[in-house]
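[1] Build me a model from this:
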Amino acid sequence: MAEFKFEITERIAVLSENPNGWSRQLNMVSWNDRDPKYDIRDWAPDGKKMGKGISLTHDELTVLKGVLEELEL
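    Okay, here's the model as predicted:
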């Protein structure tokens, strides 16, 4: 498996935490020295391990925001 680099450039919000200390977060993350994207995924307490997640461009996040505003929650 190829190695990859990541840098959390901005911590925006913790969405939830589980009992073992991992937290689901919304952050700005730069993957492999590329421009940062909005990113939602689980992170270990030390920030060195992560779970599967999703990265979104600004335009994709804008579309998602519009969809969420239309939902009855």
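
[2] going forward, measure contacts and count neighbours with C-alpha atoms only.
    Fine.

[3] Longest strand of the protein, counting residues only.
    strand 6-17 (DSSP state E).

[4] Next secondary structure after that one?
    With elements assigned by DSSP states H and E, the helix or strand that comes after strand 6-17 is strand 23-31.

[5] now that next one: mean pLDDT?
    The average pLDDT within strand 23-31 is 98.

[6] and the helix or strand following that strand, which strands flank it?
    Heading C-terminal from strand 23-31, the first helix or strand you meet, by DSSP H and E, is strand 37-43. Under the criterion DSSP bridges, strand 37-43 sits next to strand 23-31 (antiparallel), strand 50-56 (antiparallel) in its sheet.

[7] Contacts for the shortest one next, please.
    Identification of contacts with strand 50-56 by C-alpha atoms under 8 Å, 6 or more residues apart in numbering yields 37-44.

[8] hey, which of the strands paired with strand 37-43 is tucked in deepest?
    Compared across these, strand 23-31 shows the largest average neighbour count, a mean of 19 (mean count of other C-alpha atoms under 10 Å).

[9] Which residues does it contact?
    4-17, 36-45.
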